[in-house]
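Visitor: sequence unknown, structure follows:
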């Protein structure tokens, strides 16, 4: 039926128009310019990010990426606390609270400031647990400093059960 096809096309066009993103109004002097697209056929320089919901390593990476965004944007916000509640076991949250009270620092980051970058790599797994190494980058690109954490996850729940400084780095 040609009539139905026309109606579906019109509905699709209306839906796409409703979802279209418009440019923000106001002063654009403070807005960062959009990155230039890569030349056609040259996609090797574009970083890709992906993950799996069933991977303990990806869960740790998702947690640290989200947590750093939350504390960078708002300090120790409600979002940072909600992320802790979702990704960390209650036992770990209690241990971190004790550590933070004693050390006057963020136990997830093991520091008082906020890192500028993070990297998560697989370390090992056995007996229902997985260990990942988290490298936190502090300071600017000219003189970065790194700290390393060893993060333990439960493979059944994928929740983080421990965060300790990694002394092997």
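Guide: Done, it's in. What you see is a predicted model, and the numbers here were worked out from it, not measured in a lab. Numbering: from 1, shown residues only.
Visitor: Torsion angles phi and psi at the spatially most central residue of the chain?
Guide: Taking C-alpha atoms, centre = their mean, the centroid of the chain lies closest to residue 65, which sits 1.8 Å from it. Main-chain torsions, residue 65, degrees, to the nearest 10: phi -60, psi -50.
Visitor: Let me know the pLDDT of it.
Guide: Note on residue 65: pLDDT of 95.
Visitor: Same question for residue 47.
Guide: Here, the pLDDT recorded for residue 47 equals 76.
Visitor: burial of residue 80, as a residue count?
Guide: 21 (other C-beta atoms under 10 Å). All C-beta atoms are positioned from the backbone trio N, CA, C, and that covers glycine.
Visitor: Contacts only, for it.
Guide: 67, 70, 71, 74 (C-beta atoms under 8 Å, 6 or more residues apart in numbering).
Visitor: Which secondary structure element is home to the third one?
Guide: Which is residue 71. Using DSSP states H and E, residue 71 sits within helix 56-74.
Visitor: give me every residue that touches residue 73.
Guide: residue 79.
Visitor: can you pull out the helices in the chain?
Guide: Ranges of helices in the chain, per DSSP state H, are 2-19, 56-74, 78-87, 90-103.
Visitor: got a markdown table for these, with distance to residue 153 too?
Guide: As requested, these are exported to a markdown table (distance: least, C-beta to C-beta, whole Å):
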| stretch | distance to residue 153 |
| --- | --- |
| helix 2-19 | 37 |
| helix 56-74 | 4 |
| helix 78-87 | 9 |
| helix 90-103 | 10 |
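Visitor: residues touching the nearest residue to residue 54 once chain neighbours are set aside, list them.
Guide: Leaving aside its sequence neighbours, residue 54 sits nearest to residue 158 (C-beta to C-beta, 6 or more residues apart in numbering; 7.5 Å). Contacts for residue 158 were tallied using C-beta under 8 Å, 6+ apart; they are 54, 56, 59.
Visitor: and the first one, how far is that from residue 155?
Guide: Computed as C-beta to C-beta, to the nearest Å, the residue 54 to residue 155 distance reads 10 Å.
Visitor: first to last residue in stretch 118-134, what's the distance?
Guide: Stretch 118-134 has an end-to-end distance of 7 Å (C-alpha to C-alpha, to the nearest Å).
Visitor: How about stretch 138-153?
Guide: By C-alpha to C-alpha, one end of stretch 138-153 lies 24 Å from the other end.
Visitor: tell me how far it is from the chain's mean position?
Guide: Here the centre of stretch 138-153 is set off from its chain's centre by 15 Å, with C-alpha atoms, centre = their mean, to the nearest Å.
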